[in-house]
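>>> this is the structure alone, sequence omitted:
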């Protein structure tokens, strides 16, 4: 009877004890404690076919796949997930620790998605979330935020950039202070800085141009090196390439401009006289039939301090008497204004009178 009781007590102790391999004092909170300083823990290794042939795998089951995309896989309860396809680097979340991904310092940052390839030598306060390529080349750039597939993928030393959307700012390497919001926005930008693109394909072709603002789908779509332009509206300044200092507000406003400079276009489909016009203002599209304003004249600068080579004009009242005011009906060549009555002068007559006077 004593022997039976002893065996029973030993069995009970084994059931509730921990198992230790390489240690005689396994951790009290573990079921299995494997301890070694010279060897590792080896999980089952198998091919993808063998893995997929496992019948009703348990949730959490872990294996190492030896072929195809080799690596660790675990079963979620409904599918096998690769642990190597998604790497996570988290740093600075506690305000103290600095994790590393192939480099020395990566303070105060967060990378979620495909593993980066950059050395991350001194890249601080960066946030990247997206599968494959998001902020993958970062080395020394700081304060960047990238959300979306391949957003800021090529960025190495550029700082203070914000990319939100599929391949937003994908080609940027060293440009700074850019904001791209929308799929392919600022996609080709490399070194251009201080650009704002808000809309799908906005400023997509921009490479080195800076200080541009594009609000609207495909606004400034083909701009490459042009600078200091503002486009607000779908396809505004769509074809502008190297033109600079242009402003277009309205749907498709300035969409024909290519290399024009200092052009202002206000209104739906407002276009300049030519795609290469310089120093010009256009109000509205060809359908506009009247301009309304509290005052009916435009006053130009007349301060003596803004003028030089001042010469007295001898023409006076005699010139005025030769003017030929007329009334007429508009019949514009583009048929935008037809049958509208007005009063004024004939441009060709004024030009001829000026050429034949001392003014000309």
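Received it, and whenever you're ready, just let me know what you need. Treat the numbers as computed from the prediction; the structure is a model and nothing was measured.
>>> contacting residues for residue 147?
Applying C-beta atoms under 8 Å, 6 or more residues apart in numbering, we find residue 147 in contact with 127, 128, 129, 130, 134, 163, 164, 165. Yep, even glycine has a C-beta here, placed from its N, CA and C like the rest.
>>> no wait, residue 221
Per C-beta under 8 Å, 6+ apart, neighbours of residue 221: 201, 202, 203, 204, 205, 235, 238, 239.
>>> redo the contacts of residue 147 as TSV? Include neighbour count.
Below are the contacts of residue 147 laid out as TSV (neighbours: other C-beta atoms under 10 Å):
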residue	neighbour count
127	17
128	27
129	16
130	26
134	27
163	33
164	20
165	25
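>>> quick check: nearest residue in space to residue 254, chain neighbours excluded?
Spatial nearest neighbour of residue 254, excluding adjacent residues (C-beta to C-beta, 6 or more residues apart in numbering): residue 248 at 3.3 Å.
>>> and of the contacts of residue 147, the nearest to residue 49?
residue 130 (31.5 Å; C-beta to C-beta).
>>> relative to residue 185, how far out is the closest one?
Using C-beta to C-beta, to the nearest Å, one gets 15 Å for the distance from residue 130 to residue 185.
>>> just the helices from the protein, written as ranges.
For the chain, the helices defined by DSSP state H cover 2-15, 48-52, 317-321, 347-355.
>>> from the chain's centre, how far out does the third one sit?
Between the centre of helix 317-321 and the centre of its chain there are 61 Å (C-alpha atoms, centre = their mean, to the nearest Å).
>>> and the helices of the chain, which one is worst for confidence?
Sorting those by mean pLDDT places helix 2-15 lowest, at a mean of 42.
>>> low-scoring stretches of this structure, by residue?
1-17, 84-122, 131, 360 (pLDDT under 70).
>>> mind listing the residues bridging to the residue nearest the centre of it?
For the chain, the residue nearest the mean C-alpha position is residue 180 (2.2 Å; C-alpha atoms, centre = their mean). Beta-bridge pairing for residue 180 (DSSP bridges): residue 163, residue 197.
>>> closest one of the contacts of residue 221 to residue 189?
Among the contacts of residue 221, and counting by C-beta to C-beta, the member closest to residue 189 is residue 203, at 7.2 Å.
>>> contacting residues for the closest one?
180, 185-186, 189, 195, 197, 209, 212, 214, 219-221, 223.
>>> include distance to residue 229 when you put those residues into CSV, please.
Compiled in CSV, those are given as follows (distance: C-beta to C-beta, whole Å):
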residue, distance to residue 229
180, 16
185, 15
186, 14
189, 14
195, 10
197, 12
209, 8
212, 5
214, 8
219, 10
220, 6
221, 12
223, 7
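>>> highest neighbour count among those residues?
Sorting those by how many neighbours each has (other C-beta atoms under 10 Å) puts residue 220 first, at 38 neighbours.
>>> who does the closest residue to it other than its chain neighbours bridge with?
Counting by C-beta to C-beta, 6+ apart, residue 220 lies nearest to residue 214, which is 4.1 Å off, once chain neighbours are set aside. Going by DSSP bridges, residue 214 is paired in beta bridges with residue 197, residue 231.
>>> right, I'll leave it there.
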